[in-house]
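Visitor: Task: produce atomic coordinates for the following.
(chains A and B)
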Amino acid sequence: MKPAHFAQHWPPGEPLLEIRGLDLDFGTPRGRVRALRKVDIDVPAGQVVGIVGESGSGKSTLAYATMGLLAENAEVVGGAIFFEGRDLLAMAPGERRRLLGSRMAMIFQDPMTALNPVRSIEKQMVDIQHHEGGSRRAKRQRAIDMLERVGIPDAGSRIGGYAHQFSGGMRQRICIAMALLVKPALLVADEPTTALDATLEVQILHLLKELQSEIGCSILFVSHHLGVVAELCDRVAVMYAGEVVEQGTVRDIFNRPGHPYTRALLECDPGRIATSTRLLPTIPGEVPSLLGLPGGCIFRQRCLHAVARCADETPGARVIGTSHSARCHLLDDKEQVMPA
Amino acid sequence: MSALLAVEDLRVRFRTMSPLKAIATGTQNPFVDAVCGVSFEIAKGETLGLIGESGSGKSTIARAIMGLRPPTSGTIRFGGEVVNGLGAAERKLTLRRMAMTFQDPVGSLSPRLTVRSLLMEPFRIHGITDRDPAAEAERLLNMVGLPVDFGRRYPHQLSGGQARRVGVARALALAPDLIIADEPTAGLDVSVQGEVLNLLARLQRELGIAILIITHNLNVVRHMTDRMAIMYLGRFVEVGLTERIFEQPRHPYTQALLSANPVPDPDAVLDRVEISGEVPSLLRRPQGCEFHTRCRYAQDVCRRVAPLPVIGADEARHNFSCHFPLSASTAGVAHAS
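Guide: Reported below is the predicted structural model:
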């Protein structure tokens, strides 16, 4: 195969995707759920940015908002999503749709439901190249090459098969092959290894990393698994209840966490506790309801360090290092950054 | 033997097609062995972890012990008595002494019953009338750390962690000697996982319950269990003290599994032993050692001869089935610093 250095007009290091002050609500019978609030995230060209958070933190909503695949009751209230310098939210629907499957692609958590069960893999892989020129035969050949690249043995004869004829790991490989076949500038991956077994998970992570550096695309990688994020990502944004509470380089987040939530989350991960223990740390309390949101810091009810100001005033992002910021009042007063 | 639970040469076989179809298609062997020849014991108050990838037979073992799936052969002794093949009435008596919590915390609770009725159900099923079920339900809620007014809620009004606690409370209702916890942390966030695991550990300490934890989460096994057994294609490939196995795995599959655990530390030096390929189908078991298709150390003999378990001399009888077991120099695995 030709060395895959694809048309990558965007200069490396410059933000390929810039999410600016994104506010997003879901209309429900019980009221508006304020699912994303003032989200700012940059995805520099050629980098892997991890979005980490627990269930209900809005990490998948953010991924779907980027791709324009939100449910009907979602409403973007404010903010912008710049992709290659253009605001996706201001684009005509048709124009935005044309970016999907050409400049942007996505892989989903469940590879079985992401593939069409009644169309052969070949048909689906040829279809996804509809933006590109060339004969059907050329497209088929490209699909076979890509399947081989992601480690499907005997791709030439298996390409005629259907999704159910492949194992879970193979299906996710097929999804990755499909997404990368169009040489996207941005790949959005929503928990792509959650449904897979441990030994497959590492295989898929390595594959993603390899292909990413080969193609030179950026990845927005959504996961709840801190270990996976630490291994794959260059930058990390930590989300809690619809806000990005902290973001920075992977080392900033794991070695010098500034926000109390990030610290608590890292402490809870049993994978980081070196000696075996039967008393694991937890974060007491629950994620607050995002209906009729009270003011103040979103984490304050569960925060061990909360002060009066946390209830009165919503904290903005404080810069605490080169490209490292966190939303916490405590960072104003003193150096709160935990040593490594 | 003073073991609470002793499983000997357990086999569970599933039919893959109807007898008629097997004849029509000329299939020689219309069966698949989900569990083939597994033996282990659990002592009173001990925690054993069963670990393996999907399809390795972990949950089938649990279901066989609980009598939800009759074993094809082998014996299951509980408190010294053989419990497989018992009639329904006798079976019920043993089921008072063992309980199971299921993988799906909300799905395993009836959506039409309140938490209180769910907690009273075990007493009704087992015909226990000498206690006030309502008072018992309150006691159980206290035990698992849920407020008493949760009794009025329905399962859909519970968070994943709370539903898990209700599952544990139900399992505790009849004061069992053994709890089988099938994936106790599945679907839970890291910040809540600890709650459920701490609860299980506390109950074990206070009530002396033995626990069989079934999981694919290595971190859970490392922190929660005394001994662990690693399964591959329905067989144990290695069994021993958890601490010892994490320190020095002897079977190449164990080594690969342990090193496949992503470490939440960007600076971790990963000396990763990655294995290629996927778990083979149970319908087409490899010849010889069943792991040879993915094993980086496989030699000719591995492809021909199935290895017999090597039983260690230590008190935990650390054992593994491998022709070329790993030694200290080859078994290192990266850990969080």
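Visitor: Per-residue pLDDT of residue 213, please?
Guide: Defaulting to chain A. Looking at A:Ser213, its pLDDT reads 91.
Visitor: that's the other chain; I wanted chain B
Guide: 96.
Visitor: now A:Ala4
Guide: With respect to pLDDT, A:Ala4 has a value of 40.
Visitor: What of B:Ala24?
Guide: pLDDT, read off for B:Ala24, is 89.
Visitor: now the strands: where do they sit in the chain?
Guide: Chain wasn't specified; assuming chain A. A:15-28, A:31-44, A:48-52, A:74-83, A:86-87, A:104-107, A:186-190, A:218-223, A:235-240, A:243-249, A:318-321, A:324-326 (DSSP state E).
Visitor: not quite, I wanted chain B
Guide: Using DSSP E, strands in chain B cover B:5-15, B:31-42, B:47-51, B:73-78, B:81-82, B:98-101, B:178-182, B:210-215, B:227-232, B:235-241, B:310-311, B:319-320.
Visitor: I'd like to check the angle between the fourth one and strand B:5-15, please.
Guide: Between the direction of strand B:73-78 and that of strand B:5-15, the angle (axes from the mean of the first three to the mean of the last three C-alpha atoms, to 10 degrees) works out to 140 degrees.
Visitor: count of residues packed around A:Ala326?
Guide: 28 (other C-beta atoms under 10 Å in any protein chain shown). For glycine as for every other residue, the C-beta is placed from the backbone atoms N, C-alpha and C.
Visitor: Now do the contacts for it.
Guide: Neighbouring residues of A:Ala326 by C-beta atoms under 8 Å, 6 or more residues apart in numbering or on different chains: A:Val245, A:Glu246, A:Gln247, A:Gly258, A:His259, A:Thr262, A:Ala317, A:Arg318, A:Ile320.
Visitor: Tell me which stretches of the stretch 201-337 of chain B form helices.
Guide: B:218-224, B:242-247, B:252-259, B:300-304 (DSSP state H, counting those that start in this stretch).
Visitor: Buried residues of the shortest one, list them for me.
Guide: Just to be clear, that refers to helix B:300-304. By neighbour count on 16 or more other C-beta atoms under 10 Å in any protein chain shown, the buried set for helix B:300-304 is B:Cys302.
Visitor: Could you export that helix as PDB, CA atoms only?
Guide: C-alpha atoms of helix B:300-304 as PDB (Å, rounded to 0.1, in the frame of the first residue of the first chain):
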ATOM      1  CA  ASP B 300       5.400 -28.300  18.500                       C
ATOM      2  CA  VAL B 301       4.300 -30.300  21.600                       C
ATOM      3  CA  CYS B 302       1.700 -27.600  22.500                       C
ATOM      4  CA  ARG B 303      -0.100 -28.300  19.200                       C
ATOM      5  CA  ARG B 304      -0.300 -32.000  19.800                       C
END
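Visitor: Average pLDDT for that helix, rounded please.
Guide: 94.
Visitor: Quick check: residues of the stretch 201-337 of chain B near chain A?
Guide: B:201, B:205, B:216, B:218-220, B:222-224, B:242-243, B:256-257, B:260-268, B:270, B:272, B:274-276, B:278-279, B:335-337 (C-beta under 8 Å from any C-beta of the partner chain).
Visitor: Switch the strands of chain A over to CSV; also include mean pLDDT.
Guide: Output for these, formatted as CSV (pLDDT from 0 to 100):
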stretch, mean pLDDT
strand A:15-28, 95
strand A:31-44, 94
strand A:48-52, 96
strand A:74-83, 96
strand A:86-87, 95
strand A:104-107, 95
strand A:186-190, 96
strand A:218-223, 96
strand A:235-240, 97
strand A:243-249, 96
strand A:318-321, 92
strand A:324-326, 95
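Visitor: if we look at stretch A:130-141, which residues are touching it?
Guide: In contact with stretch A:130-141 (C-beta under 8 Å, 6+ apart) are residues A:Arg98, A:Gly101, A:Ser102, A:Glu122, A:Met125, A:Val126, A:Gln129, A:Arg142, A:Ile159, A:Val182.
Visitor: can you do 7 Å?
Guide: A:Gly101, A:Ser102, A:Glu122, A:Val126, A:Gln129, A:Val182 (C-beta atoms under 7 Å, 6 or more residues apart in numbering or on different chains).
Visitor: Going by neighbour count, which residues in stretch B:285-305 are buried?
Guide: Buried residues in stretch B:285-305 (16+ other C-beta under 10 Å): B:Pro286, B:Gly288, B:Cys289, B:Glu290, B:Phe291, B:His292, B:Thr293, B:Arg294, B:Cys295, B:Ala298, B:Cys302.
Visitor: Most widely separated two among those residues?
Guide: B:Gly288 and B:Arg294 (12.9 Å; C-beta to C-beta).
Visitor: Please name the residues that touch A:Glu95.
Guide: Counting by C-beta under 7 Å, 6+ apart, there are no residues that A:Glu95 touches.
Visitor: for A:Ala74, that is, sorry about that
Guide: A:Leu24, A:Phe26.
Visitor: do you know how far it is from chain B?
Guide: 23 Å (C-beta to the nearest C-beta, to the nearest Å).
Visitor: Quickly note the distance from that residue to A:Arg32.
Guide: 11 Å (C-beta to C-beta, to the nearest Å).
Visitor: try A:Glu201
Guide: 37 Å.
Visitor: Could you check which of these two is surrounded by more residues?
Guide: More crowded of A:Glu201 and A:Arg32, by other C-beta under 10 Å: A:Glu201, with 22 against 16.
Visitor: doesn't A:Thr193 make contact with the more buried one?
Guide: Yes: with contacts counted by C-beta atoms under 7 Å, A:Glu201 reaches A:Thr193, the gap being 4.3 Å.
Visitor: just how off-centre is stretch B:263-278 within its chain?
Guide: 25 Å (C-alpha atoms, centre = their mean, to the nearest Å).
Visitor: And for A:Ile253, nearest residue in space, chain neighbours not counted?
Guide: Nearest residue to A:Ile253 in three dimensions, chain neighbours excluded: A:Val236, at 4.4 Å (C-beta to C-beta, 6 or more residues apart in numbering or on different chains).
Visitor: ignore the last one, B:Ser54
Guide: That would be A:Asp197: by C-beta to C-beta, 6+ apart, it lies 5.7 Å from B:Ser54.
Visitor: List the residues that contact that neighbour.
Guide: Counting by C-beta under 7 Å, 6+ apart, the residues that A:Asp197 touches are B:Glu53, B:Ser54, B:His216.
Visitor: need the contact list for A:Phe221.
Guide: Per C-beta under 7 Å, 6+ apart, neighbours of A:Phe221: A:Val48, A:Val49, A:Gly50, A:Ile51, A:Ala189, A:Leu232, A:Cys233.
Visitor: quick one, what contacts A:Asp40?
Guide: A:Ile19, A:Arg20, A:Gly21, A:Val244.
Visitor: in the chain, what spans have low per-residue confidence?
Guide: Defaulting to chain A. Within chain A, the ranges that satisfy pLDDT under 70 run A:1-9, A:333-340.
Visitor: Can you look at chain B instead?
Guide: If you take pLDDT under 70 as the line, chain B has these spans: B:1, B:270, B:328-337.
Visitor: Which residue lies nearest the spatial centre of it?
Guide: B:Ile214 (2.4 Å; C-alpha atoms, centre = their mean).
Visitor: wait, isn't it in contact with B:Ser59?
Guide: Yes: taking contacts as C-beta under 7 Å, B:Ile214 lies within contact range of B:Ser59: 6.2 Å.
Visitor: Would you mind listing what in chain A touches chain B?
Guide: A:54-55, A:167, A:169, A:197-203, A:224-228, A:230-231, A:250-251, A:254, A:265, A:268-272, A:274, A:276-283, A:286 (C-beta under 7 Å from any C-beta of the partner chain).
Visitor: Residues touching stretch B:182-195, excluding its own?
Guide: A:54-55, A:224, A:265, A:268-269, A:280-283, B:59, B:62, B:100-103, B:105, B:160-161, B:164, B:196-197, B:200, B:213-215, B:217, B:220.
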